[in-house]
Each structure stands twice: as C-alpha cells, then as structure tokens.
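Student: my questions are about this predicted structure, shown below with the sequence.
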Amino acid sequence: MRIIVISDTHGNVNAIESVFLRNHDADLFIHLGDGDRDLDTFLSANPDYVNRTVNVCGNCDFNSLSPGFVILPIFDHKIFATHGHLFAVKNSLEIIKKTAKENECDIILYGHTHSRCNINEDGFHILNPGSASIPRDGNKPSFGHIDIFYSGIVINIADV
C-alpha cells in the first residue's frame, strides 16, 4: 500500500495539486493540517481523490470540522496521524508517542513544525513530512510517502 503524506500547505493549493497528481496511483493521501481550505479546493476540482483522502485539523485551520487526530488501521499496523499542536511536538515527541502507544499505533505522522523528521524510535516509525510550502528547516518544500507491505514498512521524504 502506498500512502502520500503532506502537511502545512498554508494556502498553497498548487503544492497539493503537484504532489497528489504526481502520485495519482497512491492508495491513500493524508493531509496533516494547516491546509483544510487548500485541500477542499483541490478535492472540489478532483473528486476522484475524495474517497482516498484523510485529513486532520491544524492550529491554523480556523472553524474546521476536521478531527484533531485519526487512527488508521493498515494491514497489521495502525497509523496515528495528527497535526501535532495538540501534542506539543515542538517541545518533544513524548506526548505523541504516549498517545500512539495507548492507541496501539506503531506509525506516527505529524506536522506543525515545518521541519522534516523520519526516524524509528521506541518501536515507532515516526514521520513529519515537513511543510509542502513553507519549510523552516532549510530544506525545500516536501512531502512523505509510506509503503506498507506485509514484510515491512519503507518511509521516505521527497521534495515537492
């Protein structure tokens, strides 16, 4: 299964369009917040992505009806996906790891920091795809992709 993960588009619908259309054959698309309206604009013009897209609310998604986090079972794995502001990810990953563990998740996806992170730690695969439009880590705008097989997981970050 191929999953595309994007975050922090902050008004840049073109970033979503570029990433989604380039990866049109992915099984699932996840937007990690701060781009609710951008995603709505893209999905309105591209309805074939609606049933393959999941999103969560970011701290800049004012008046959003999207959830603060979602848990997605994929094969023998469970993904914990959130923007991150509710779990203090700018301070540490301890709260988000504790919450993921309580929900029996082994993959953690978060945004909010606008900085890339792809690590394996404490039994978790942890991914922050960075920002697709306004990176703060000195790198180019980016997104993540996850390939989940019965034999394992491969996670990478790519430039938009």
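Tutor: In hand now; what should we look at? Being a predicted model, the structure only gives us computed values, none of them experimental.
Student: which residues of this protein fall in helices?
Tutor: Here the chain has its helices, by DSSP state H, at 13-22, 36-45, 94-102.
Student: need those in a markdown table (columns: mean neighbour count and mean pLDDT).
Tutor: (C-beta placed from N, C-alpha, C; glycine too.) Below are the helices of the chain laid out as a markdown table (neighbours: other CB atoms under 10 Å; pLDDT from 0 to 100):
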| stretch | mean neighbour count | mean pLDDT |
| --- | --- | --- |
| helix 13-22 | 18 | 98 |
| helix 36-45 | 17 | 97 |
| helix 94-102 | 16 | 98 |
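Student: would you format these as TSV with distance to Phe87 included?
Tutor: TSV is the format used below for the helices of the chain (distance: least, CB to CB, whole Å):
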stretch	distance to Phe87
helix 13-22	24
helix 36-45	19
helix 94-102	4
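Student: okay, and for this protein, where does confidence drop off?
Tutor: Applying pLDDT under 70 to the chain flags no residue at all.
Student: so which residues of it form strands?
Tutor: Assigned by DSSP state E, the chain shows strands spanning 2-6, 28-31, 53-55, 69-74, 77-82, 107-109, 116-121, 124-129, 142-149, 152-159.
Student: take these and write them to a markdown table, including distance to Thr41.
Tutor: Output for the strands of the chain, formatted as a markdown table (distance: least, CB to CB, whole Å):
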| stretch | distance to Thr41 |
| --- | --- |
| strand 2-6 | 14 |
| strand 28-31 | 12 |
| strand 53-55 | 13 |
| strand 69-74 | 21 |
| strand 77-82 | 21 |
| strand 107-109 | 22 |
| strand 116-121 | 25 |
| strand 124-129 | 20 |
| strand 142-149 | 17 |
| strand 152-159 | 22 |
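Student: who touches stretch 100-109?
Tutor: Contact with stretch 100-109 is made by 5, 30, 32, 71, 74, 77-82, 93, 96-97, 123-129, 144, 146, 153, as judged by CB atoms under 8 Å, 6 or more residues apart in numbering.
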